[in-house]
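Chemist: Provide a 3D model corresponding to the input given below.
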Amino acid sequence: MIAFAGLRIETIGNYDGTDGLIMSDLPELTVEGDRVKILKRPMMVKVRATLSKHRRPYFTFLASERCDYLQEYLESRLRAEELLEPHTCLRP
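Modeler: Below is the predicted model of the structure:
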């Protein structure tokens, strides 16, 4: 996500792993059973103020190629029987 959406490392997850992007920060992504669906490409990524360098919320977009990577990654987590909810962190 750093390369394809221009996000900073600290946006993906802070140094101690207590905050980072969560599923609800991706409003155009849904989980239906064991499948992840991306409703629109490029996909919007909302960055909360707590994750922003300037402490202001903003949004960016995730390129179509990275959407495929993200979809495969999240589906692998579903296959491992992980429950993906709105507050689930995108990092494992």
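
Chemist: name the SS class of the most far-flung residue of the chain relative to its centre, please.
Modeler: Ranked by distance from the centre of the chain (C-alpha atoms, centre = their mean), the top residue is His54, with 19.8 Å. Under the three-state scheme (DSSP: H, G, I helix; E, B strand; the rest coil), His54 adopts coil.

Chemist: ok, it to Leu84 distance?
Modeler: 29 Å (C-beta to C-beta, to the nearest Å). Bear in mind the C-beta positions are built from the backbone N, C-alpha and C, glycine included.

Chemist: where does this protein dip in pLDDT?
Modeler: In the predicted model, the chain carries pLDDT under 70 at residues 1-6, 9, 13-15, 17, 92.

Chemist: from Arg77, how far out is Phe59?
Modeler: 24 Å.

Chemist: more neighbours: the two, which one.
Modeler: More neighbours surround Arg77 than the other of Phe59 and Arg77, with 16 against 11 (other C-beta atoms under 10 Å).

Chemist: good, we can wrap up now.
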